[in-house]
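Novice: can't give you the sequence, but here's the structure:
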Ligand code: GRG
């Protein structure tokens, strides 16, 4: 495995700047009532995070020649869902954490009730955006996009995965059970980001769409395998969130089930599987290939 080339780093920085500006513009101003809620929403979303999900949307959009202005809206909607999940996950009733993206968590900086509302309002805003802006030429495709993000966020997606995660604390899971949990908790939104990005452009044929879907599923799971390894190997300062929490909370993870070496091997296998799925796209999938490497090789 090689590290990502400078050209990819420039592309990433440009997309991150673009999504930051888009989020800035789409989030309600902190001057607008209710000011405290809006300030807390901006606190939770702006100025932090790797923006992996919008990056995947932009990269997938390159496959279907999507208008980046459309992808930026779709990517912002997904990032709002992701930010909401982090705010709620950090609450005392869930993971009870004080540090996120290198700063105090939302409920620490504001209060628990505000953090709860931040998550609620971000989720609503995400769907408002998907309904308000023209993101696909065919309205039926746009409706599919709304359905895709809703399914990925709900009880058969991220929220369901989180429920399984909470119930699994202190228990031993088999590898298939662990995989099921992570495909839902983390993988569903990563998959949705990729598919929403491509849906902003020309319609792929069935085979192409299935290959991209396979890529998205593999890379979503790889993301979580790497996340589990980083939780044991990286420092709190590097991660910008409390390291070592999985073991501390006695949570089943890839590391607890497989060990570090086997987890790294699995991440490599998932990366290879993801990359093979992109063969059909040739040069159009350059950024997706590079992102797959970034997700598997990242140190934070
Ligand atoms: C509360 C409904 C609800 C769901 C929470 C996604 C999730 C479910 C919780 C987040 C906690 C967590 C550590 C999940 C594992 C992987 C993950 C999503 C890590 C954070 O994503 P990054 O690394 O974060 O992309 P940044 O800050 O870079 O955006």
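Specialist: Sure thing, it's come through. Worth saying up front: this structure is predicted, and the values here are computed from it rather than measured.
Novice: from here on, contacts and neighbour counts on C-alpha atoms
Specialist: OK.
Novice: By mean pLDDT, flag the weakest helix or strand of this structure.
Specialist: The helix or strand of the chain with the poorest confidence is helix 245-248; it has a mean of 80 (mean pLDDT, DSSP states H and E).
Novice: Show me what counts as buried in that helix.
Specialist: Neighbour counts over helix 245-248 (16 or more other Cα atoms under 10 Å) mark 246-247 as buried.
Novice: now stretch 104-123
Specialist: Under the neighbour-count criterion of 16+ other Cα under 10 Å, stretch 104-123 has 104-108, 110, 112, 114-123 buried.
Novice: Now look at it and say if it contacts the ligand.
Specialist: No: taking Cα under 6 Å from any ligand atom as the criterion, stretch 104-123 and the ligand are apart, separated by no less than 8.5 Å.
Novice: what mean pLDDT does the lengthiest helix in the chain have?
Specialist: Looking across the chain with DSSP state H, the single longest helix is helix 206-233. On average, the pLDDT along helix 206-233 is 96.
Novice: what does stretch 87-100 give?
Specialist: Stretch 87-100 carries an average pLDDT of 96.
Novice: re earlier: from the buried residues of stretch 104-123, which ones fall inside strands?
Specialist: Counting by DSSP state E, the part of those found in strands is residue 104.
Novice: Which members of the buried residues of stretch 104-123 occur in helices, if any?
Specialist: Using DSSP H, these in helices are 106-108, 112, 114-123.
Novice: which residues in the protein form strands?
Specialist: Applying DSSP E to the chain gives strands spanning 99-100, 103-104.
Novice: looking at these, which is buried most?
Specialist: With neighbours taken as mean count of other Cα atoms under 10 Å, these reach their highest mean count in strand 99-100, at a mean of 19.
Novice: What residues does the chain have near the ligand?
Specialist: With Cα under 6 Å from any ligand atom as the criterion, the chain meets the ligand at residues 49-52, 85-86, 88-89, 101, 158-159, 162, 185-186, 224.
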